[in-house]
Every structure is written in C-alpha cells, then in structure tokens.
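Engineer: would you be able to build a 3D model of this:
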Amino acid sequence: MSETGAPSGKSCGSSAECLSNCEELAAIFRALGHPARLAIIKQLAMRDEACCGEIVDHLPLAQSTVSQHLQVLKDAGLLVCDARGRNCHYFLNHDMLRRAEGFSEDFWKELNALKTPADRAVHSAKLKID
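Structural biologist: This is a model prediction of the structure:
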C-alpha cells in the first residue's frame, strides 16, 4: 500500500499482507453484496447527504430495513454518519470507496497476471467465438 493507505498496485509483499488485503476486500464485498445496499450507495452518490427517511422515500423498503442496511454499510466504513438531533445524516466515505476500488483493481490485475499463456489463448479464442 502507498503512504496514503491506498493499494500500491504491486502484488502483496508478504502472505500476511496479502491475506489482510483480501480480508478487507471481502468485508467490502460482503457489505456491497446486497442489491438494497448498492441502491443506497447510488442514492447517496446522487446527493451530498441524506437521512434514512430520505433514502426510504426512494426505495421500496421499510424504514427498519433501510436502517439495517445503512448500519452494515457504516460498519464497513463505506458511509459516515453525522448525528444531528434525532436524525443521522449519511455521507459516502469517498476515501474508503477509493480504497475499495484500488483493492478490487489490484486483486483482478494480480489474478489475471497469474494466468498462463495457454489460459490467455483459450480466453482470447472464446472472445472471438462469442
């Protein structure tokens, strides 16, 4: 990882670092692994902030369900909550989203780099057929 905490673009320096990166990526994927949570992320991307009720107005889900999904996203670090009186206003944590994007890109680049030339030839042939 770079000094900013973002993935470095290089393969894991050690198996412990690699496992740590994979665990963080898996936690992010788990948090994003539900269509409602992806919809919440999209809703928040369209605005600077929103409270739970504003998000509920745009989704066909009960307030309690949206609250549970917001908590999962918050626990994963993808959202930040600013408590204002009885309401909590949610913001996207853009730093964490960039970090997640970097981990994901690094993961797929490393995986693709591990393919043998024969694997790449088969994949290329399949693309031409399809």
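Engineer: what's in contact with stretch 75-91?
Structural biologist: Applying Cβ atoms under 8 Å, 6 or more residues apart in numbering, the external contacts of stretch 75-91 come out as 27-28, 30-32, 41, 44, 48-53, 55, 70, 73-74, 92-93, 96-97, 100. The way it works is simple: take the backbone N, C-alpha and C, and place the C-beta from them, glycine included.
Engineer: let's go with 10 Å and repeat that
Structural biologist: For stretch 75-91, the surrounding residues in contact (Cβ atoms under 10 Å, 6 or more residues apart in numbering) are 24, 27-32, 37, 40-41, 43-44, 47-55, 67, 69-74, 92-97, 99-100.
Engineer: check contacts around A100.
Structural biologist: A100 touches 7, 24-25, 27-29, 31-32, 76-78, 93, counting by Cβ under 10 Å, 6+ apart.
Engineer: list the buried residues in the longest helix seen in the chain.
Structural biologist: In the chain, ranked by residue count with DSSP state H as the criterion, the top helix is helix 94-113. Within helix 94-113, the residues scored as buried using 16 or more other Cβ atoms under 10 Å are 96-97, 99-100, 102-103, 106-107.
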